[in-house]
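Chemist: this one's structure only:
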């Protein structure tokens, strides 16, 4: 079975890796935009950057021109780009990113738990990772009980949540390295 020259094999491998990077990034921007962590302009800037660097699907060109489009249209375009690619990795990346934003005082505790709640909703729709969804559900319940004064201490819930979100550091680091490889 002849699969081509080494050069052709390397070109196919590089194309595959760029495609994987594009799909992971599109899924990341999809989830981030859907929960409000990422702004429309950031998505369009990413699309513009991709247009300059890669051969891209038509949907990315359309995304680049989406300044006047509604949120649902932009989310639909992102969904077309990542297609049926797994969303677990971007979900893990965003978990750690919201942890970092909280630690850097870029978001409030209410925003932290609002993002977690939104990720739980998005993750439930994806149904990709039961273990992570269960963790988010527990975090959300603990925060609700503590914030309502029913059970637990809010500060302890925040501390334990930040510690639990630490497990997603590897996915975040790998994603950051993937973005640097250009």
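Modeler: Right, received. Where do you want to start? If you're wondering where the values come from, they're calculated on a predicted model, not measured in any experiment. Numbers count the residues shown, from 1 in each chain.

Chemist: for the residue positioned nearest the centre of the chain, helix, strand, or coil?
Modeler: For the chain, residue 28 is the residue whose C-alpha lies nearest the centre (C-alpha atoms, centre = their mean; 2.9 Å). Secondary structure assignment for residue 28 (DSSP: H, G, I helix; E, B strand; the rest coil): helix.

Chemist: Let me see the contact set for it.
Modeler: 90, 93-94, 175 (C-beta atoms under 8 Å, 6 or more residues apart in numbering). Backbone N, C-alpha and C define where each C-beta goes, glycine included.

Chemist: quick one: it and residue 37, what's the gap?
Modeler: Between residue 28 and residue 37 the distance is 10 Å, computed by C-beta to C-beta, to the nearest Å.

Chemist: what residues do those two have in common as contacts?
Modeler: Common neighbours of residue 28 and residue 37 (C-beta under 8 Å, 6+ apart) are residue 94.

Chemist: Could I get the full set of helices for the chain?
Modeler: 6-35, 40-53, 58-64, 71-82, 88-103, 109-126, 130-147, 154-165, 169-180 (DSSP state H).

Chemist: any chance you could read off phi and psi for residue 39?
Modeler: Residue 39 has phi and psi values of phi -90, psi 160 when expressed as degrees, to the nearest 10.

Chemist: ok, the nearest residue in space to it that is not next to it in sequence to residue 66 distance?
Modeler: Residue nearest to residue 39 in three dimensions, not counting chain neighbours: residue 33, with 7.7 Å by C-beta to C-beta, 6 or more residues apart in numbering. Using C-beta to C-beta, one gets 11 Å for the distance from residue 33 to residue 66.
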